[in-house]
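Asks: Kindly return the folded structure for what I paste below:
(one chain, ligands or ions: 1)
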Amino acid sequence: MEVPTNNNPTILIVGAGIGGLSFYHSVRKNLGKKFNVKIFERETSPQDRWQGYNIYVNRKGVTSLFYCTPPEVQARFPEAMPDSVPKEHHAIAVIDHVGRNLCHIPLHKTKTVYEIEPLKHDFAGIVTYRNRLRDVLLEGVDIQWGKKCVGYEENDDGVWVLFEDGTREFGNLLIGADGINSPIRKQKVPNLEILDLGVTSIDVDISVPKNLAERLMSTYANAVVQKSIGRNGDKFFSMMRFIPIDQSKETCYRVTLGFSYPTDLDLEDNISIDDNNPESVIKHAISRIKQLRSSCELTDLMIELFSLVPLSNPGEKYPFRTYNPPRRRQLRDINPLSVPPWKNDRIVLLGDAAHAMNPLLGLGVNNAIQDADLLTKELLNYANDNLIECIQRYNEQMRARSSKDVLTSRDAVLKQRTPLGNFGLVVRYIFYRILNIIIYVFAFFKTHF
Ligand SMILES: Cc1cc2nc3c(=O)[nH]c(=O)nc-3n(C[C@H](O)[C@H](O)[C@H](O)COP(=O)(O)OP(=O)(O)OC[C@H]3O[C@@H](n4cnc5c(N)ncnc54)[C@H](O)[C@@H]3O)c2cc1C
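Replies: Numbering: from 1, shown residues only. Sure thing, here's the model as predicted:
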């Protein structure tokens, strides 16, 4: 364990997710002369919990990640964000329920993550293996594992963070980077509540053979962030890299899949699904797809993909474990501007703990990393007694930025939750086509001038 040998203030970080780890690196890299830092995690080891799916890290997230991390970590980014292969386009494609193109957001073609970092526009990003990014960010970090935080006590000199095992730790600043169910947020801002968006989602990672991966790529014109909006409030989502994860027997690719639908459907049908039984959950996902989608090639592809979800653990396959028991999950969010500004003190929230957002627009991780970047830059101004002023500036900017993304993501989910008749479908089609033209023009100017 790291023992501070100077009189610098100590920052305690609770939560070693992408947000907490980014901030840890950033303190060491950018604030090492001003602060000591310690990080605590409730999991007992790096492999304790499945670390998940493919995520989209946008240009802002990439730039902040570079700002926060030292060169030895940056050198390992391609493990999590491999160089693009020619066929891949890191674009976002949205199609309708039968596969007609609605919107194709053109993103700047880059070969490597290093090319994204210096860009000045936001039309770029990279599909990233979230679990591998977490592994890379663990490099050189002295985590205290098995430390489940249950609360804190603040006094004039600093703050004690309290752990379930009865131990506690003293510091000058406590960072709650402990995710959507953050006990630190619950204590600090008890009225900041989680909102259930009334949409149920079943998300899984699967390993798919080459022929299916190629079908997915061609359905979405080689875009690797893929969405199909249904007409009954449902949505099918997939995200992939066209890079094999396994070639031992058959060439396989990792695809993150999600199918979401209005939660009311489950309540109205009064069905009983055993969320602890993967077979029951996947059968349910497939029956909802059949119920909500018309019969067509795209629907067949969706069913085929969900049928590939393993129903029992096929064993650890490091570094690409593609099995996690599927469950139904409610899409939820937290809007930090839904309550009056909270007190600027030694307790600081970062990432999902402050502003969880639904995954539809893929903005959650990006905001968590931007928080780490912003908090560092504010703490660079720390001198003498101005700690609380630094925190105040962070809180104001973090709340404004993230609330905007929470509400945009929320709005997108609520709009798509509404079932549409034929007229509504035509309106939606026209809306997306016009939107697409506007985005193309905007992107052209941003990326060329
Ligand atoms: C299916 C899906 C797809 C997504 N896709 C994208 C995407 O494409 N792009 C994107 O930007 N975002 C995406 N997200 C969102 C993204 O994963 C989260 O926003 C991000 O993980 C938040 O990071 P964080 O560090 O704030 O919190 P977390 O990743 O939740 O980390 C919190 C950490 O705190 C630890 N912890 C929790 N409680 C305690 C405690 N009491 N004591 C100690 N430690 C504790 C946890 O174990 C965890 O390690 C997606 C999310 C989902 C579910």
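
Asks: in terms of contact, does N395 touch D345 like I think?
Replies: No. The criterion here is Cβ atoms under 8 Å, and N395 misses it with D345 at 9.8 Å. Every residue, glycine included, has its C-beta placed from N, CA and C.

Asks: higher neighbour count, these two?
Replies: Using other Cβ atoms under 10 Å, the more surrounded residue of N395 and D345 is N395, with 21 against 16.

Asks: which residue packs closest to the more buried one, ignoring adjacent ones?
Replies: N344 (5.7 Å; Cβ to Cβ, 6 or more residues apart in numbering).

Asks: Over to L197?
Replies: L197 sits nearest to L331 (Cβ to Cβ, 6+ apart), 4.5 Å away.

Asks: doesn't the one you found fall inside a helix?
Replies: No. L331 sits outside any helix when classified using DSSP: H, G, I helix; E, B strand; the rest coil, being strand.

Asks: what sits against it?
Replies: 196-197, 199-201, 260, 358-360, 413 (Cβ atoms under 8 Å, 6 or more residues apart in numbering).

Asks: Show me which of those residues are buried.
Replies: Those of the contacts of L331 that meet the buried threshold are 197, 199-201, 260, 358-360, 413, by 16 or more other Cβ atoms under 10 Å.

Asks: Contact partners for the residue in the stretch 1-150 of the chain that the ligand sits nearest to?
Replies: Here the residue of the stretch 1-150 of the chain nearest the ligand is G17; by Cβ to the nearest ligand atom that distance is 2.1 Å. By Cβ under 8 Å, 6+ apart, the contact list for G17 reads 134, 177, 179, 351-352, 368.

Asks: burial count for S307?
Replies: Other residues within reach of S307, judged by other Cβ under 10 Å, total 12.

Asks: What pLDDT is listed against Q144?
Replies: With respect to pLDDT, Q144 scores 98.

Asks: Now do the helix or strand hosting S402, average pLDDT.
Replies: In this structure, S402 is located in helix 387-417 according to DSSP states H and E. Across helix 387-417, pLDDT averages out at 97.

Asks: And for K227, nearest residue in space, chain neighbours not counted?
Replies: V94 (4.8 Å).

Asks: host element of that neighbour?
Replies: strand 89-95.

Asks: Just the C-alphas of that strand, formatted as PDB.
Replies: Output in PDB follows, covering the C-alpha atoms of strand 89-95 (Å, rounded to 0.1, in the frame of the first residue of the first chain):
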ATOM      1  CA  HIS A  89     -16.100   2.200 -40.400                       C
ATOM      2  CA  HIS A  90     -16.500   3.700 -36.900                       C
ATOM      3  CA  ALA A  91     -19.700   5.200 -37.900                       C
ATOM      4  CA  ILE A  92     -23.200   5.100 -36.300                       C
ATOM      5  CA  ALA A  93     -25.900   3.500 -38.600                       C
ATOM      6  CA  VAL A  94     -29.600   3.700 -37.700                       C
ATOM      7  CA  ILE A  95     -32.000   1.600 -39.800                       C
END
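
Asks: what ranges do the strands span in the stretch 201-350 of the chain?
Replies: Along the stretch 201-350 of the chain, the stretches classed as strands by DSSP state E, counting those that start in this stretch are 223-229, 235-240, 252-262, 328-333, 347-349.

Asks: Ramachandran angles for the residue of the stretch 1-150 of the chain closest to the ligand?
Replies: Main-chain torsions, G17, degrees, to the nearest 10: phi -90, psi -170.

Asks: which residues touch the closest residue to R327 other than its chain neighbours?
Replies: Of all residues not flanking R327 in the chain, D275 sits nearest, at 4.6 Å (Cβ to Cβ, 6+ apart). Going by Cβ under 8 Å, 6+ apart, D275 touches 281, 327-328.

Asks: just those residues now: which is nearest L387?
Replies: L387 lies nearest to R327 out of these, by Cβ to Cβ, at 41.5 Å.

Asks: so what's that closest one up against?
Replies: Neighbours of R327 in contact, by Cβ under 8 Å, 6+ apart: 202, 275-276, 281.

Asks: how near is I289 to the ligand?
Replies: 18 Å (Cβ to the nearest ligand atom, to the nearest Å).

Asks: Can you report how many residues lie near the residue lying closest to L361 once chain neighbours are set aside?
Replies: Distances taken as Cβ to Cβ, 6+ apart place S409 nearest to L361, at 4.7 Å, with adjacent residues excluded. Counted with other Cβ under 10 Å, residues neighbouring S409 total 22.

Asks: I figured S409 hits D333, correct?
Replies: Yes. Contact criterion Cβ under 8 Å: S409 and D333 qualify, at 6.8 Å.

Asks: The residue nearest to E154 when sequence neighbours are not counted: neighbour count?
Replies: Excluding the flanking residues, the one nearest E154 by Cβ to Cβ, 6+ apart is R346, at 6.0 Å. By other Cβ under 10 Å, the residues close to R346 number 22.

Asks: measure R346 to I434 for me?
Replies: 49 Å (Cβ to Cβ, to the nearest Å).

Asks: The residue of the stretch 151-300 of the chain found nearest the ligand is in what secondary structure piece?
Replies: The ligand sits closest to G179 of the stretch 151-300 of the chain, with a gap of 2.9 Å, by Cβ to the nearest ligand atom. Counting by DSSP H and E, there is no helix or strand that carries G179.

Asks: just F445 next, same as before
Replies: Residue-wise, F445 maps onto helix 422-448 under DSSP H and E.

Asks: Then S22?
Replies: Secondary structure assignment for S22, by DSSP H and E: helix 18-30.

Asks: Counting by contacts, list what that helix packs against.
Replies: In terms of contacts (3 or more Cβ pairs under 8 Å, 6 or more residues apart in numbering; DSSP states H and E), helix 18-30 is packed against strand 10-14, strand 36-40, helix 59-68, helix 130-137, helix 364-379.

Asks: Doesn't C103 lie inside a strand?
Replies: Yes. Applying three-state DSSP, one finds C103 inside a strand.

Asks: Now do the same contact list for it.
Replies: By Cβ under 8 Å, 6+ apart, the neighbours of C103 are 92-94, 432-433, 435-436, 439.

Asks: Who does it form a beta bridge with?
Replies: Counting by DSSP bridges, C103 forms beta bridges with V94.

Asks: what about it, distance to D264?
Replies: Distance from C103 to D264, by Cβ to Cβ: 27 Å.

Asks: And for P9?
Replies: 50 Å.

Asks: what about the two, which has more around it?
Replies: Between P9 and D264, counted using other Cβ under 10 Å, the more crowded position is P9 (18 against 13).

Asks: All set now, cheers.
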